[in-house]
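1. have a look at this prediction, sequence included:
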Amino acid sequence: MTYDFDLFVIGAGSGGVRASRISSGFGAKVAIAEEFRVGGTCVIRGCVPKKLFVYASHFSEDFEDARNFGWTVEGVSHDWKTLIANKDAEIDRLNGIYHNILSNNNVTLYENRAEILDAHTVKVGSETVTAKYILIATGGTPVMPDIPGIEYAISSNEAFHLDDLPKRVVVVGGGYIAVEFAGIFNGLGSEVIQLYRGEQILRGFDHDVQEMLAGEIRKKGVDLRVRSNPAKIEKSGDELIVTLEDGSQIKTDAIMYATGRKPNTEGLGLENAGVKLKENGAIAVDEFSRTSVENIYAVGDVTDRVALTPVAIHEGMAFAETVFDGKARAFDHSDVPSAVFSQPPVGTVGLSEADAREKYGDVDIYKSEFRPMKQTITQGGERAMVKLIVEPKSDRVVGVHVVGADAGEIIQGFGVAVKMGATKAQFDATVGVHPTLAEELVTLREKYTGD
Ligand code: NDP
């Protein structure tokens, strides 16, 4: 049977675009459909604009610190509209680059919503096209609980396009997006209350990271309240009144929910082809990203494995090699380094102490909490922490955690070491780069035995 395309990709985000480009490079005839903007969540309304916002917000602290380094800083103010305009211009530029990637690689772009009609047929706009393989890379979308007044809440999608910076903002959630946006709004000058329903933010992270970050966030002025959750939201004139589950109320100008994301599978026609979902609504795939239907694959957040852009890209490349280069490759989801662009940021790779104890029993802990050099002559008082988790029988370092300036940059290199199975002895044999925060990770000699 002949098809219009060898591959039809649904969703032009990080995973979909990479899979298209690489597959085309292997000689496949490829089409891709995108209903919103080419680039996907990360580029259009995720990692990229978020990081620009983080840079923007950090200046307030930098200006303060500058005084202690001898600078006279006067008349400093922030213009939200300039930030939004410059951010939008950069997103437009990247969107253009993604368009070029597709056209330079002979990938046919359908700027329309696609729906699967059967295992080899897709309806896209008013057209019907056939393909030997289909790749679903539709990503995820924010979810909010169904409480009265939730329609007054915004998600990260809207936070990137607000007309004005809210004077007061409530951020709900304790995950990546919530801590990042609490820091962004706080740095830009909003009064921020962050509400988290559980005991401690960043569930699943190492407990020292959680505690350290919660303390630092509070020190910087975010009113972080745990065991706290909204029950309803009402509008009263220009302000919002948030009633918490304990009955107390908060008046605010905006409320942002960052309470997780769900895979985008609705209206995709998955049932027409018999593509099976996991219990949580994500597409079920095997280690080669193949769904329950032989010729249909899925990568990225829609599969809810590790919801990170670089992971989606790796999954997309592994898919292309497996299907169009004849080299079956399963992407290994272990030891994926990641950063939370909170203030201060967090970098982490490998296991938390709790997970390492569960997996290995006894583990050795090395950690250090300290005042980073830059803070020695500032008023800020931001502290840093580094922590290593070592499996004693093999001496392998199975977890590296950093809280402090540039933690994301630092953890990238240590991610290589952990992926290679580096031992503590090899960490010790590595000479530190002085004076840096990162050198602490290769100079930890004393096992932590409790406070
Ligand atoms: P997360 O799953 O990380 O966090 C969701 C938060 O919302 C948790 O604190 C959760 O609490 C809370 N929550 C969930 N449901 C409710 C509810 N009904 N009421 C109140 N609180 C609730 O999701 P995010 O939206 O922050 O981010 C989604 C994913 O995107 C991340 O997991 C990550 O993979 C990715 N991401 C990565 C970034 C990076 O690499 N820097 C940045 C941004 C996103 P609880 O802990 O109790 O479940």
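-> Received it, and whenever you're ready, just let me know what you need.
2. now the closest residue to Gly415 other than its chain neighbours: how far from Tyr98?
-> Closest residue in space to Gly415, ignoring its immediate chain neighbours: Pro337 at 3.3 Å, by Cβ to Cβ, 6 or more residues apart in numbering. Glycine gets a C-beta too; all of them are placed from N, C-alpha and C. As judged by Cβ to Cβ, to the nearest Å, Pro337 and Tyr98 stand 24 Å apart.
3. give me the number of residues near the residue lying closest to Arg197 once chain neighbours are set aside?
-> Counting by Cβ to Cβ, 6+ apart, Arg197 lies nearest to Asn229, which is 4.2 Å off, once chain neighbours are set aside. Neighbour count for Asn229, taken as other Cβ atoms under 10 Å: 18.
4. now swap in the one 5 residues further on and tell me
-> Other residues near Glu234 number 13, with proximity taken as other Cβ under 10 Å.
5. in stretch 125-138, what counts as buried?
-> For stretch 125-138, burial by neighbour count (16 or more other Cβ atoms under 10 Å) applies to Val129, Thr130, Ala131, Lys132, Tyr133, Ile134, Leu135, Ile136, Ala137, Thr138.
6. and the residue of the protein that's closest to the ligand?
-> Closest to the ligand within the chain is Gly175: 2.0 Å, counting by Cβ to the nearest ligand atom.
7. give me the low-pLDDT residue ranges for the stretch 301-450 of the chain?
-> The model of the stretch 301-450 of the chain has no residue with pLDDT under 70.
8. what do you get if the cut-off is 90, keeping everything else the same?
-> 378-381, 450 (pLDDT under 90).
9. now the strands for it?
-> Per DSSP state E, counting those that start in this stretch, the stretch 301-450 of the chain carries strands over the ranges 338-340, 346-350, 364-370, 384-391, 396-403.
10. again, but for the stretch 51-200 of the chain
-> 108-110, 114-118, 121-124, 127-136, 140-142, 168-172, 191-196.
11. send me stretch 285-305 as PDB with only the CA atoms.
-> Only the C-alpha atoms of stretch 285-305 are listed here, as PDB (Å, rounded to 0.1, in the frame of the first residue of the first chain):
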ATOM      1  CA  VAL A 285       4.000   3.300  25.100                       C
ATOM      2  CA  ASP A 286       6.800   0.700  25.300                       C
ATOM      3  CA  GLU A 287      10.500   1.500  25.600                       C
ATOM      4  CA  PHE A 288      10.600   2.400  21.900                       C
ATOM      5  CA  SER A 289       7.800   4.900  22.300                       C
ATOM      6  CA  ARG A 290       5.500   2.600  20.400                       C
ATOM      7  CA  THR A 291       1.800   2.700  21.400                       C
ATOM      8  CA  SER A 292      -0.600  -0.300  21.500                       C
ATOM      9  CA  VAL A 293      -1.000   0.200  17.700                       C
ATOM     10  CA  GLU A 294       1.900  -1.100  15.800                       C
ATOM     11  CA  ASN A 295       2.500   1.900  13.500                       C
ATOM     12  CA  ILE A 296       1.600   4.600  16.000                       C
ATOM     13  CA  TYR A 297       4.200   6.100  18.300                       C
ATOM     14  CA  ALA A 298       4.100   8.800  20.900                       C
ATOM     15  CA  VAL A 299       6.800  11.000  22.500                       C
ATOM     16  CA  GLY A 300       7.100  13.800  25.000                       C
ATOM     17  CA  ASP A 301       4.700  15.000  27.700                       C
ATOM     18  CA  VAL A 302       1.700  13.300  26.200                       C
ATOM     19  CA  THR A 303       3.300  10.000  27.400                       C
ATOM     20  CA  ASP A 304       4.000  11.400  30.900                       C
ATOM     21  CA  ARG A 305       7.300   9.700  31.400                       C
END
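12. is the ligand contacted by that stretch?
-> No. With Cβ under 6 Å from any ligand atom as the criterion, the ligand is not reached by stretch 285-305; the gap is at least 7.4 Å.
13. what sits against Trp449?
-> That one is not Trp; residue 449 is Thr. By Cβ atoms under 8 Å, 6 or more residues apart in numbering, the contact set of Thr449 is empty.
14. repeat for Gly399
-> Counting by Cβ under 8 Å, 6+ apart, Gly399 touches 206, 348-353, 355-356, 387-389, 418.
15. who in this protein is up against the ligand?
-> Counting by Cβ under 6 Å from any ligand atom, the chain sits next to the ligand at 145, 172-178, 180, 196-198, 203, 229, 258-261, 307-308, 338-341.
16. which of those residues count as buried?
-> With burial judged by 16+ other Cβ under 10 Å, the buried subset of those is 172-178, 180, 196, 229, 258-261, 307-308, 338-341.
17. in helices, which of these appear?
-> Counting by DSSP state H, the members of those that fall within helices are Tyr176, Ile177, Ala178, Glu180.
18. His58 against Pro345, yeah?
-> No. Contact criterion Cβ atoms under 8 Å: His58 and Pro345 do not qualify, at 10.0 Å.
19. which of the two has more neighbours?
-> Neighbours per residue, other Cβ under 10 Å: of His58 and Pro345, the larger number sits with Pro345, 24 against 19.
20. the residue lying closest to that one once chain neighbours are set aside: how many residues sit nearby?
-> Once flanking residues are discounted, Pro345 sits nearest to Ala407: 4.4 Å by Cβ to Cβ, 6+ apart. Look at Ala407: counted by other Cβ under 10 Å, it has 25 neighbours.
21. do you know how far Ala407 is from Lys220?
-> Distance of Ala407 to Lys220, computed by Cβ to Cβ: 15 Å.
22. how about Val48, secondary structure?
-> helix (DSSP: H, G, I helix; E, B strand; the rest coil).
23. tell me which residues touch it, please.
-> Residues near Val48 by Cβ under 8 Å, 6+ apart: Cys42, Glu90, Ile91, Leu94.
24. neighbour-wise, which of the residues you listed leads?
-> Greatest neighbour count in the contacts of Val48, by other Cβ under 10 Å, goes to Cys42: 23 neighbours.
25. which strands or helices does whatever helix or strand that residue lives in pack on?
-> If you go by DSSP states H and E, Cys42 is part of helix 40-45. Helix 40-45 sits against helix 14-25, helix 80-104, with contacts defined as 3 or more Cβ pairs under 8 Å, 6 or more residues apart in numbering; DSSP states H and E.
26. again, 10 Å this time
-> Helices and strands touching helix 40-45, by 3 or more Cβ pairs under 10 Å, 6 or more residues apart in numbering; DSSP states H and E, are helix 14-25, helix 47-68, helix 80-104, strand 140-142, helix 156-159, helix 309-324.
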